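**Student:** with the input below, show me the fold.
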Amino acid sequence: MHTLQQRQKWNTPANPVKEGMVVVCLQDNVTPLHWPLGVIVQLHPGKDGITRVASVKTKQGVFQRPVVKLCPLPTQ
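**Tutor:** Now for the predicted structure:
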């Protein structure tokens, strides 16, 4: 699970997240096997056009999470 979020140098844009993608939401005080699954319902781009926040729907509700704390599943 921890290898899903590895990032390379940011010289080139990474694979962007898109609405409808299934993601795993990283949480600091929870073990990786208990990280919730969610679906991205809305992206919130900044003034520079780069998306840094996304609204994610989980079974507990809809939350805004930073993109760096989201792990897209490798099947997408």
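
**Student:** quick one: least confident helix or strand in the protein?
**Tutor:** Least confident helix or strand of the chain, by mean pLDDT, DSSP states H and E, is strand 70-72 with a mean of 90.

**Student:** for that one, packing partners?
**Tutor:** Here strand 70-72 touches strand 22-25, going by 3 or more Cβ pairs under 8 Å, 6 or more residues apart in numbering; DSSP states H and E. Glycine gets a C-beta too; all of them are placed from N, C-alpha and C.

**Student:** any idea of the mean pLDDT in the strand it packs on?
**Tutor:** Mean per-residue pLDDT for strand 22-25: 94.

**Student:** extract the CA atoms of that strand and return them as PDB.
**Tutor:** As requested, the backbone C-alpha atoms of strand 22-25 are provided in PDB (Å, rounded to 0.1, in the frame of the first residue of the first chain):
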ATOM      1  CA  VAL A  22     -11.300   5.700  -7.100                       C
ATOM      2  CA  VAL A  23      -8.600   6.600  -4.600                       C
ATOM      3  CA  VAL A  24      -7.300   5.500  -1.200                       C
ATOM      4  CA  CYS A  25      -7.300   8.400   1.300                       C
END
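
**Student:** mind listing what's buried along it?
**Tutor:** 23-25 (16 or more other Cβ atoms under 10 Å).

**Student:** next one: stretch 63-74
**Tutor:** So, applying 16+ other Cβ under 10 Å, buried residues of stretch 63-74: 65, 67, 69-72.

**Student:** show me which of those residues is closest to Ile50.
**Tutor:** Val67 (9.1 Å; Cβ to Cβ).

**Student:** from Pro36, how far off is that closest one?
**Tutor:** 16 Å (Cβ to Cβ, to the nearest Å).

**Student:** now distance to Lys59 too, for the buried residues of strand 22-25, in JSON lines please.
**Tutor:** Formatted as JSON lines, the buried residues of strand 22-25 follow (distance: Cβ to Cβ, whole Å):
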{"residue": "Val23", "distance to Lys59": "14"}
{"residue": "Val24", "distance to Lys59": "13"}
{"residue": "Cys25", "distance to Lys59": "11"}
